[in-house]
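> The following comprises the amino acid sequence and a computationally predicted model.
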Amino acid sequence: MPLARFASQLADVGVAFSVGPFVVSLTSSIPRVAEGIYQLYGEYPLAAEGADRFVDYYLSLGYGRGVRRWYHPQVHFVYDGLQPFKPLPLSQALPLFEWGLNWCVASQMHSYLLIHAAVVERNGVAIILPAPPGSGKSTLCAGLVSRGWRLFSDELAIISMADGSVVPCPRPIGLKNESIQIMRDYEPQAVISRESRDTRKGTVALMKAPSESIRRADETARVGGIIFPRYQSGAEALMTSRSKAQTGLYLADNSFNYSVTGARGFQLLADLVDGAECLEFTYSRLDDAVRIFDALEWLQ
Amino acid sequence: MSPSGWCLASGFDPIHKGWSGETLLYDRFSGDTHVVDDVCMAIIELLAKGPLSEVLILKEIVQCLDVGSGIDLDLIVQQRLAALVQLNILQCPT
C-alpha cells in the first residue's frame, strides 16, 4: 500500500495490523505519525477486514485541542476512548505509541507471563536478555538482529503459560542517545526513524524490526538462555555464570504480571530458569558480542 | 525458650525450587518470592513439621547439613532465624 493511501486510511477508519500475538488498530490524522508508522510497521500483516475481525487494542494518536494544535503542538494517546497518559510534544508521537502499546500489553495480556526483557532467537533457541535501563540491552539486541538473529522483542519477553515457550512480538527497537549513532554506523542498512529529542529517556529513535522477524512472528521458540548484558566502556567481552535462584528472583521482580499469575507464574518461572543457561555478559564492542553469542555451544 | 517457640508464620504456604545452595521460594499465601540458602531451607522444612526451640533447631540442622569444622553454626542459625522473621516466613517465640 503506498504511503498516501496508508495515511488516508489511518486518518479515516484506521489501520489494523498484527504484531505477534495481538492485533492493533491505530487511527491518526497526524502526517508525522502516518510517515513513521508506515516506515516502521508497513510490512506487518494487515488484519483482515470484516465484522468478525478481532482487534485487541483500539488506539489513536491525536492532536491537542485548541491553541495546543498550533502552539507547541502535542500528541494524545487514546486507548479505547481513554487517555491513560498526559500528552507529549508532537515530536514524541512515535515513542509515545510504543510506550503506550507496551502499557496496553503489560496491563492486559495475563494469559502470558510478561517480563521486561529483550528476546532474540537462533536455531530455534531463544535467549532472554533482561537488564536494567542503561545496560546496553537494546543496543546488543539491535546488533544481534542486524547479524542474523531473529528479533522476538526489545522490551517484552512473552512467555506462554501453556508450555513455557517464548512468543515473538517483533516491534521496533528503541534506541537511545549514543546507541542511535552506534547502530547507524554498525548497520548502515537499518531503517531508523526520525529522532525524538528531549524525551524522558533523552533522544530516542526506533529501529525497524528485520523483515524476516516480522514474517516469522508466529514461530515460537524454547528458552535456552537467560543472559544479563552490561555495557562497560573498554571492557573485554566476558560471559560468566549467574545464580539460577537470583535469576528467577530478578525475573519475578521485573515481570509486569507475575503477581497476577500466582503459583502458576512461579512454577513457570522456576521451570524456565531451570532449563536455561543463566549468564552475565559484559561487553564494550558489538562485534565481539555478536561473535561470542554466535559461538554459544548450546545454540549449535 | 519453650519447645514450642519458633514456628512458620500463619498461612505460610510455600512452593520452591532449589539449585546448588540456593532456593527460589514462593509463598502462595502472601504472593511473595524469596531466595533463601540451604540453612534457611532446612529450618523451614524442620518447622513445617511443628514448632521447635532454637536448641532443637540447631541440633537438627547439624545432623542434616554437611557443615565444616570451625563454622559457628549457632550464630548462623540465629542470623537465619532473624532473616526469616524479616521475610515474614517465621514467627518468633512468644
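Everything's here; your move.
> List of residues touching the helix or strand harbouring A:E98?
Here A:E98 sits within helix A:93-108, counting by DSSP states H and E. Counting by Cβ atoms under 8 Å, 6 or more residues apart in numbering or on different chains, the neighbours of helix A:93-108 from elsewhere in the structure are A:19, A:22, A:24, A:26, A:28, A:30, A:32-33, A:36-37, A:40, A:56-57, A:59, A:61, A:75, A:77, A:79, A:84-85, A:88, A:114, A:155-156, A:158, A:169, A:171-172, A:174, A:193-194, A:196, A:199, A:201, A:204, A:206, A:256-257. For glycine as for every other residue, the C-beta is placed from the backbone atoms N, C-alpha and C.
> of those, buried ones?
Listed as buried from the contacts of helix A:93-108 are A:19, A:22, A:24, A:26, A:28, A:30, A:32-33, A:36-37, A:40, A:56-57, A:59, A:61, A:75, A:77, A:79, A:88, A:114, A:155-156, A:158, A:169, A:171-172, A:174, A:193, A:196, A:199, A:204, A:206, A:256-257; burial here means 16 or more other Cβ atoms under 10 Å in any protein chain shown.
> among these, which are in helices?
Cross-referencing the buried ones among the contacts of helix A:93-108 with the helices (criterion: DSSP state H) gives A:32-33, A:36-37, A:40 as the overlap.
> Closest to B:E60 out of those?
The shortest separation between B:E60 and any of these is 61.2 Å, and it belongs to A:L40 (by Cβ to Cβ).
> List the contacts of that closest one.
So A:L40 contacts A:94, A:172, A:191, A:193, A:206, A:208 (Cβ under 8 Å, 6+ apart).
> List the buried residues for the helix holding A:E98?
Within helix A:93-108, the residues scored as buried using 16+ other Cβ under 10 Å are A:93-106.
> Over to stretch B:35-43?
Buried positions in stretch B:35-43, judged by neighbour count with 16+ other Cβ under 10 Å: B:35-36, B:38-43.
> what residues does that stretch touch?
In contact with stretch B:35-43 (Cβ under 8 Å, 6+ apart) are residues A:243, A:245-246, A:248-249, B:6, B:16, B:18, B:21-25, B:44, B:57, B:60-61, B:64-65, B:76-77, B:80-81, B:83-84, B:87, B:90.
> how does it look with 6 Å?
The set of residues external to stretch B:35-43 that reach it, using Cβ atoms under 6 Å, 6 or more residues apart in numbering or on different chains, is A:245-246, A:249, B:21-25, B:61, B:64-65, B:76, B:80, B:84.
> Which of those are buried, as a PyMOL select command?
Of the contacts of stretch B:35-43, the buried ones can be selected in PyMOL as follows, counting by 16+ other Cβ under 10 Å:
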select buried, (chain A and resi 245+246+249) or (chain B and resi 22+23+24+25+61+76+80+84)
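> For B:C92, give me phi and psi.
Torsion angles at B:C92 (phi, psi; degrees, to the nearest 10) stand at phi -70, psi 150.
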